[in-house]
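K.L.:
Quick one, fold the following:
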Amino acid sequence: MGRILIFFVVLFATWALDLPAQLPEDAAAAAPEDRLSFFFSIVVPEGAEIADTVCIACSVYVEGKVSGEVVAVFGDVIVDGEIGSEVVAAGGSVRLGPGSRIGDEVVAVGGTVVRDPTARIDGAVEQVDFLFFPGQRSFPFRGTLLFAGGFLAAMLLGALILRWERLERMGSTAGRTPLRVILVGAVLLTLLTLARGWTEYAGAWENWATLAVLTLIVLPAWLGSTGLAQLLGGRVIPAAGSRWKSYGLGTAILLGLLLIPVAGLFAMLGLLTLGLGLSVISRLGAGPALAQTTAPDDPSQGLVESRPPLDDPLER
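P.N.:
I've put the predicted structure just below:
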């Protein structure tokens, strides 16, 4: 059991630290092949050549040559060599070093394109730096600012819509039945994700069907997240003392988790799962909070001593 735990710890640390998985030394002599990697970054050393390269939740470092395209999802693309086709970084940035060459367009969504003056690009350059995706390693200024501001505004709006009594009921439900919330949320998220895949059979209504499924995911998860913020903040600052400070602290904790590189992706998945489950189980705080099932810390709490009434001597 200990060896298995150590293995997974090392695996996660390697992923989180973005340690590269380098190609073997004899890669240059072999025929170019496609490369696909999850979590572990791809390094193309000088003198090596590969074909199409896709890296998911990792980055691509090119010092040699890539004859096809390079795609990095939730990762960056760093080029000091040559790429024969386009370069796409979704949730990351593209950095082109001195003397690098790109045979087609360069696209960065959720990041920026930084190029050396000597870098050559044979296609267009597009960057969408006003977007930010939880879990990405780069932090474009506009995208990070808009994401943080939008998240805070959404949480504030959710609190104003539900009001404090509902928030406290939702937080109480999440704190007392966390496993039930997780289970229900995971089942709902799985079913809705499958439903999203089936929308392609809707024909002319595919776009509307997709919008409906996404709404069923995002709207309950958003409102359910307000209850989670109330629970987290209430554990540090009791709501009876300052409700807004308590809720604000919980919101800040959730935002901080979403901004952590790599781990933010898991935080978003967890937030969707917990938000869905909590919104359904608690009915958005409309019902009463679940009854306390654990015994109180003080055995004397809740007990009322029964004594016979004393005679009043004045009544005699």
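
K.L.:
Secondary structure class of Gly175, three-state.
P.N.:
Secondary structure of Gly175, reduced to three states by DSSP: H, G, I helix; E, B strand; the rest coil: helix.

K.L.:
And for it, nearest residue in space, chain neighbours not counted?
P.N.:
Leu231 (5.4 Å; CB to CB, 6 or more residues apart in numbering). Heads up, the C-betas are built off the backbone N, CA and C, glycines and all.

K.L.:
Leu183 now?
P.N.:
Nearest non-adjacent residue to Leu183, counting by CB to CB, 6+ apart: Gly277, 7.1 Å away.

K.L.:
What about that neighbour, how many residues nearby?
P.N.:
When counting by other CB atoms under 10 Å, one arrives at 28 neighbours for Gly277.

K.L.:
Now do the buried residues in the helix or strand harbouring it.
P.N.:
Secondary-structure assignment from DSSP states H and E places Gly277 in helix 263-281. Under the neighbour-count criterion of 16 or more other CB atoms under 10 Å, helix 263-281 has 263-265, 267-268, 270-281 buried.

K.L.:
same question, stretch 122-137
P.N.:
Buried residues in stretch 122-137, counted by 16+ other CB under 10 Å: 127, 129, 131-137.

K.L.:
Helices of the stretch 101-250 of the chain, residue ranges please.
P.N.:
141-176, 178-198, 206-236, 243-258 (DSSP state H, counting those that start in this stretch).

K.L.:
centre of the chain versus the longest one, how much separation?
P.N.:
Here the centre of helix 141-176 is set off from its chain's centre by 16 Å, with CA atoms, centre = their mean, to the nearest Å.

K.L.:
now Gly91: how far from Ala267?
P.N.:
For Gly91, the distance to Ala267 under the criterion CB to CB, to the nearest Å works out to 14 Å.

K.L.:
in the stretch 201-316 of the chain, what spans have low per-residue confidence?
P.N.:
Applying pLDDT under 70 to the stretch 201-316 of the chain flags residues 239-241, 287-316.

K.L.:
Could you list which residues are in contact with the residue nearest to Glu86 when sequence neighbours are not counted?
P.N.:
With sequence-adjacent residues excluded and distances taken as CB to CB, 6+ apart, Glu86 is closest to Asp104, at 3.9 Å. Under the criterion of CB atoms under 8 Å, 6 or more residues apart in numbering, the contact partners of Asp104 comprise 69, 84-87, 122-123.

K.L.:
Closest to Leu249 out of these?
P.N.:
Compare each of the contacts of Asp104 with Leu249 using CB to CB and the shortest gap goes to Val87, at 41.0 Å.

K.L.:
ok now do the closest one, which residues does it touch?
P.N.:
With contacts defined as CB under 8 Å, 6+ apart, the neighbours of Val87 are 69-71, 77, 79, 94, 102, 104-107.

K.L.:
Export the residues you listed to TSV and append columns for pLDDT and distance to Tyr201.
P.N.:
Putting those into TSV (pLDDT from 0 to 100; distance: CB to CB, whole Å) gives the following:
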residue	pLDDT	distance to Tyr201
Glu69	93	30
Val70	94	33
Val71	94	27
Val77	94	35
Val79	94	40
Val94	94	36
Ile102	93	38
Asp104	91	34
Glu105	94	33
Val106	94	36
Val107	94	30
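
K.L.:
Adding distance to Arg235, write those out as CSV.
P.N.:
Putting the contacts of Val87 into CSV (distance: CB to CB, whole Å) gives the following:
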residue, distance to Arg235
Glu69, 48
Val70, 45
Val71, 41
Val77, 41
Val79, 46
Val94, 41
Ile102, 50
Asp104, 52
Glu105, 49
Val106, 46
Val107, 43
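
K.L.:
Just name the closest of these to Ile56, please.
P.N.:
Proximity to Ile56 was ranked across these by CB to CB; first place goes to Val71, at 8.7 Å.

K.L.:
after the strand or helix carrying that closest one, next one along is what?
P.N.:
In this structure, Val71 is located in strand 70-73 according to DSSP H and E. Remark: after strand 70-73, the chain's next helix or strand is strand 77-79, criterion DSSP H and E.

K.L.:
Provide the contact partners of that following strand at residue level.
P.N.:
Looking at what lies outside strand 77-79 - CB under 8 Å, 6+ apart - the contacts are 59-62, 70, 87-89, 92-97, 100, 102, 119.

K.L.:
Of those, which belong to strands?
P.N.:
With DSSP state E as the criterion, strands contain 60-62, 70, 87-89, 94-96, 102 from among the contacts of strand 77-79.
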